[in-house]
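1. give me the fold of what follows.
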Amino acid sequence: MPNFQVHDTVVLIDQTSFVGSVEKTSQFDPGPLDECLIIAHTKVPSSVIHTFVSTGSPPQGYVFVRFASQEKGSSLVAESDLILIDRILDLGDVVKLSTSQLTGTVVNVESSYVLDPIWLPKLTGNDFAARPANQISSRRHVCDTLCNKLDVRLSHPSPHRLIHDVPFEELKRAQDFVEEDYVIEQDWLGIVDEAEILVVLRLEDGSVVVVAQPEDLYIPIPDYSKPLVSLPEYDGIMRPDLVIAAQGWGNMIPAEELQSGQFVVTDPKNIKRGRWLRGSYDTKVKPQGHILMVKSRRLTVEWLMCNAFTPEDINHISKPGNCVPYENLDIFLTPQEIRRDKRVALYDPSKHPAYLEDRTRAVSKSADHSRSTASHKSVSLSSNFNVGQRVRFRDPAGAAVKYAGQEIGSVVHGMFERIDHKATLGYDVNEFDVVHSRQLATVRWQDGTVTQHSSTALLKVALFESDYMPADIVVAREGMKQRQHSNGSEHPLLDFNEMTVFTQQHDLLPSRVGIVQSVNPRERVASIRWFAHPAVRLTQSGNGLGADSRFGPVGHVTEDVSLYEIMSFGGLFRKLRDIVALPPCMPVRKALVLINTIAQEYVRDVGASITTLSQIPDTSPSALLEFMQHNAHLNILDAEITAITETEHYKSHRSLDWVGEICELRTDGLVVVRVNTANEARDVLIEHDQILAFVDIQGLGFDYNDDPMDVEDDDDSYASETTDDSLEVLAELVEYEGGQRLDDDPGDDNWESEEETDSITTMQLESNLPSEAETRGTLQRARQLDQSTKMIPSTIATDAATRPHKRPLTAHLPPEEPAAFLCLDQEPPADQFRASEPPSRSTAFLKRIAKEHRILTSSLPKHEIYVRTFESRLDLLRCLIIGPLDTPYEHAPFLIDLHLGSGFPREPPTARFHSWTSGMGRINPNLYEEGKICLSLLGTWPGKSEDEGWTEKATLLQLLVSLQGLVFVKAPFYNEAGYEGYAETQEYKVESLQYSEKAYIMSRNFVKHAISCPIPGMEDVLAWIYLPRRSNESYSHKTADRRQCVLSQVISRSQALIRRSEELRGPSKQLGGEDDDHNDQLLSGDGKSDDDTTVFLSPLSVGAVVMLRKTIESLSEILEQELQALNDTAMSQEPMAGHSMAS
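-> Residues are numbered from 1 along each chain as shown. Purely as a prediction, here's the structure:
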C-alpha cells in the first residue's frame, strides 16, 4: 500500500513547523494546479518539478502537499522528506491494517486536537483589547523541555499558548456556512453550492469597514528564501497585479478562505466603497488590516427534496430561491444586531444526541416511543477538523474553566484566555487554529469483530470492486427475476440477465433478501440472516426501491453462503452518513383505517407494520407518505388527520425533524438515524422499511467515488440498442420509493415515475375499528386513484415454459474445423450490436472492408480468434475470442461485436462486449457488464502515448490481437487504471489473487452459457471447440471421443484444481493473522505448481469451490447430454451406411 494517502496530515522532517495535508499522490490526481501557490520548500530535482507542473501528477515517490497556512502555499515533496502525523478518517470509510487481508468499516471516530488562539488579550487596555496572535512573538522565553506537550515531531514558536487534548465534542466550526453544507429552509432540504460572504475588516487606525468585494482581498507571501514555482492563476490571468504595485508588497495571492484574525491587503477602492461601521475612509491609512468577522450573506443552494408531510399543499410548494440566512446583514451596525432568519437551519452533524428514541415495531406495539440514555453510546458523525481549520468552543465559559492552564515556573501553559466581546467592539474573536489532530477509529471488520486503532495504523481502501461488509443488504443470485419496465404494457417475467438489465430499464424481483452478519474474505464465504418474508422490487434496473417493497423482520437463522452466490444493487445500498427522509408520528387513528381500507387500490398492504394503537408509528412510510400526498389534491383526510400538523410543537420542529443522517447500520436489520431539531439532537432507532428516501451523494456532482475507467463514450455507442426507458447515468439526487419526486422538479426528463404500484391482499381490519360504512364517502373519493398492478410473489415460477425450444449444440457440429473468418449468407442475429443502423455504402469504405477481410482470412491466430460478418451487413462483425491457457480466462469464450461506422477507418470501430456474469461484476476491469470495452485502440481509454490510439493504418486484426493480449492476462486486477504500477510489488497481491479467482469462476460460467445458449452465428465454432467429436474408426465403432473435447478439459482441470486446493487448505487458521502457507503457493488451471510459467491462481477458497462445483455439475450434465445426442445420431446413421456398402 502507498506510504501516504490523500488528506493525510504530514510535516516536513527538516521544517517541523510546516504542517499540511496531502492533496495529490501518484495514484490520485484530483485536479489542475492553476489555482495553487507552489513554493519549493524542499529540494526537488528541477526535472521532477518540470514533469509535475507539466502533467499535474506527482511522480512515483513524491506527493503534493498543501500547507495549513495559506501563505506557505503548496509543495511537491519527496515521501522521504515527510512524516505522517495523522490520517483523517470519516464514518463509513473502508480501511485495512497492513498486517491483515481483512477490510473493515469505520463505525466511530474519536478525535482530539491541539488549538492555537487566533487573538490574544492585549497587555494594555484600549478600545480594542485584542491582538492577532500570528504577528506577535512569545511574551516570555519559554522552556520547551518544561512546557512543550506538542508532538515531538512538530514545533511551534509559542508552545505555551497551545491548548492540548480538546475533544471534538467541545468544538464547532467557526464559519457559519460553507460549501456542501446541508441546509433546511421551511420544508426543503438543500446542499450549499456556493456561499457569498460578508467580511468586516479592522484597519490599522482602528476603523472598521465592511469591504465592498471580499474576493479582492489578498494575503502577502513572506520571503521564505525558497524558489517560487508558480502563483495562482484564475481564468488564465495571474493575479493580483495592480494591488501589488500599489501597496509595495512582494508577492500576494487571493485569499482562498477568509477567516477571523487574517491579515489581508486590498485596493483602496475596495474599502472606500465599503460600508463603514466605525470611522471613515482616510487616504492616509493603508487599505490593509485584520479580519474581524466573516458571515454568509447569500447561499446558492441546490434544493434536493421537500418534506412530504408538510401541512401545505405539496403540489403547490415551489423550491426556494437563493437562501439568505440573516435578516439584516446589509444594515447592521454592531454584531449584536445581527439576526438569523429562523426559517433557515443548518443541518449540523457535529451535534451529539441527548438520547436514543426507539421507533421499532416491537416498541410501538406495546408502548409509546422508548427513550434510552444510559445504554446508548452515540457515535461522532463528523470528527474531521483538519489542521489549519478554524474552530470555536461550543461552551466558551465552560472551556475557560476546564482549560485554566498550568503554571510551570513563571509561565502559564495551555490556558484559554477568553476575550470578552465587549472589549472588542462586540466581535467574538475567541477562535482557534487546529495545529494538531489525533484520531482513534473504531472499526467493524468483515469477520464481525470490532477493534479500535490509531488512524495512522489504518490504510484507506478504495478498490474498484467493493467488499461485502456486515450490515450490507444482499440478495441471492439464484431465483432472481426481472421484468422490463414500460408504461402501459405488461412484460413477461424472465430469469435475471445482466446484459438486458444494464441496457434497458427493468424491475428486479429477488427471491431472497438478507443482511450480512460477517464475511470470511479468504474463503469467500458470508454469513447471512435472511429477511423472513421480504417483498422487494428493485426499480431502475436495481438503482431504486419500489414503494411496494417491504423487508419486514429479519429471521433468526444464519446461513453461510458463497460470496459468488449473492449480489447487491444500488437500491439496497445504505451507507453511513446517508441523509434520509423520515415520516412523522401522527396520533391519527382514523388514518390507519383509511390506509388499510383503500390499500388494495393504490398502496401496498401495511397491516403488518401499522398497529392499532392511538399512535401510528413510522413503520410503513411508503403507504403513509403516498396517502398524505394524495390528500393534497383529493382531500381524503379530515381535520382529525391534519390536526397534528397544525400544532405549535409540529411547526416549531418540522424544519429539522423530518431529515436525519444514518449513524449506525446494525446486523439485526435496524438502523440508527441522527435527527437534529432546533434545540437538540437525538438518535432514532428504526427499521429499513421506515426510511422514506435518501439523498444520493454520488449524484450531486462531487467526485467522491469517480471511476477512472468510466470514460465518456462520445459516439453514444449504445444509444441504438436501448429504448426510451433505457438506463442512463443517474443524475437523480433523491430516490423516493414511490417514484414521485420529492424535489418538485417537473422539468427533469431523467426521472422515471413508477406508475405501477403493486399491492397485496387487503388486510382484515380489527373488529374494534370503525366499519367501512363510516368511511364510504372517503372511499368513493379514493377510488379516483389509479389502479395498481398485482405484485409477483417471491415464489413465482420460472419462465422456462415460455422459452423457445433450442436445438442441441451437437446439431451444429461441423465435419471439419470451421474457418477462422467467414462471411455468412444470413441476416445479422437479433442481438447483433448496431444492427439497426444503416450501413455505409461508399466505395472507399467497401474497399477498406475488403482489405480487412483479406487480413482476417489469412492472419487470425489459429484456434484462438474467430470472426464472422454478414453478406448483407459487411459493417458488422461478430468476434469470438477463446481465453488463453494458464490465465483465469482459459478455455472460456468471449463474444465481442464490432460496428464499422461511416467514419471508419478515420475513426475506430465501436464495440460491445457480451457479458454473462449474472451480476457478479466485471470479469475484467476493461470489460463492463453493460458491454463497454475500455481500450485505447477503440478510443474509449486514453493511452499513455498518442501511438497507442487508433489511426487509419490500424487494422481490425491489430484490434482483436490487442484485446486478446492486453485484456485476457494472468493478473487482470492490474488492468484497472491506477493499479498498473503495483504489478511488480506486493501491496495488492491478495486483492489481485482474489480478483483472478473470481474471474476464473465467472469464466467457467461463460463456458456454460455459451454451450447451453449457443451464440447465433457462432454455433458451429462452439460445437467444434467444446463438444466431443466422432472417431474415424469404422461405422460399428462410431462413438464420441470425449478426450478430444475442450469441455471435458474444462471439467477435468477444474476438478483437479478443486482437489489440490482442498489438499493445500488443510485445517482453517485464525482469520486476519499471517497468511497461511498455501496462499503463497500458486497453481495452474489443473492444480499443478511445478511450472512458474503456468501458475496464476492461489488455492481456491471455500466459496469459490462451492460455486465451481455447481458449475462443473451443470457442465457435466451438458456433456453427457451432448454425448448421448451425438451417439444417438451415429447409431441412427449406421444401418443406412451398412445398407449402402452391401449394395
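2. what segments of the stretch 301-450 of the chain are strands?
-> Counting by DSSP state E, counting those that start in this stretch, the stretch 301-450 of the chain has strands at residues 344-346, 353-358, 370-372, 390-393, 404-408, 411-415, 432-445, 450-454.
3. buried residues in the longest one?
-> By that I understand strand 432-445. 432-439, 441-445 (16 or more other CB atoms under 10 Å). Where you see a C-beta, it was placed from the backbone N, CA and C, and this is true even at glycine.
4. may I have that strand as CSV, with CA atoms only?
-> The C-alpha trace of strand 432-445 is given here as CSV (Å, rounded to 0.1, in the frame of the first residue of the first chain):
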residue,chain,number,x,y,z
PHE,A,432,-8.6,28.9,17.3
ASP,A,433,-6.5,27.2,14.6
VAL,A,434,-6.2,23.5,14.7
VAL,A,435,-2.4,22.8,14.8
HIS,A,436,-2.5,19.1,15.5
SER,A,437,-5.1,16.3,15.5
ARG,A,438,-5.2,12.8,16.7
GLN,A,439,-7.8,10.2,15.8
LEU,A,440,-8.8,6.9,17.3
ALA,A,441,-11.0,4.9,14.9
THR,A,442,-13.4,2.1,15.8
VAL,A,443,-13.5,-0.4,13.0
ARG,A,444,-16.0,-3.2,12.4
TRP,A,445,-14.2,-5.8,10.4
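5. angle of it against strand 450-454?
-> Going by axes from the mean of the first three to the mean of the last three CA atoms, to 10 degrees, strand 432-445 is angled at 150 degrees with respect to strand 450-454.
6. strand 432-445 - what's its average pLDDT?
-> Strand 432-445 comes out with an average pLDDT of 95.
7. mind giving me the packing neighbours of it?
-> Secondary-structure packing of strand 432-445 (3 or more CB pairs under 8 Å, 6 or more residues apart in numbering; DSSP states H and E): strand 82-87, strand 103-117, strand 390-393, strand 450-454.
8. and V673, which of the ones you listed is closest to it?
-> If you check each of the helices and strands packed on strand 432-445 against V673 by CB to CB, strand 103-117 wins as the nearest, at 14.7 Å.
9. what lines up beside that closest one in the sheet?
-> strand 94-97 (antiparallel), strand 163-167 (antiparallel), strand 432-445 (antiparallel) (DSSP bridges).
10. please parse the protein into its domains.
-> Split into domains by automatic domain parsing, the chain comes to 1-87+220-235, 182-217+255-310+322-346, 579-704+719-782, 809-1126.
11. tabulate the strands of the stretch 301-450 of the chain (TSV), appending distance to R161.
-> As requested, the strands of the stretch 301-450 of the chain are arranged in TSV below (distance: least, CB to CB, whole Å):
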stretch	distance to R161
strand 344-346	31
strand 353-358	34
strand 370-372	42
strand 390-393	15
strand 404-408	9
strand 411-415	8
strand 432-445	10
strand 450-454	27
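12. ok, which of those strands comes nearest L993?
-> strand 432-445 (19.8 Å).
13. with adjacent residues omitted, what lies nearest to S378?
-> Counting by CB to CB, 6 or more residues apart in numbering, S378 lies nearest to P353, which is 5.0 Å off, once chain neighbours are set aside.
14. wait, isn't the one you found in contact with V672?
-> No. P353 is not in contact with V672 according to CB atoms under 8 Å; the separation is 9.3 Å.
15. spell out which residues are contacts of both of those two.
-> Applying CB atoms under 8 Å, 6 or more residues apart in numbering, one finds that P353 and V672 are jointly contacted by D683.
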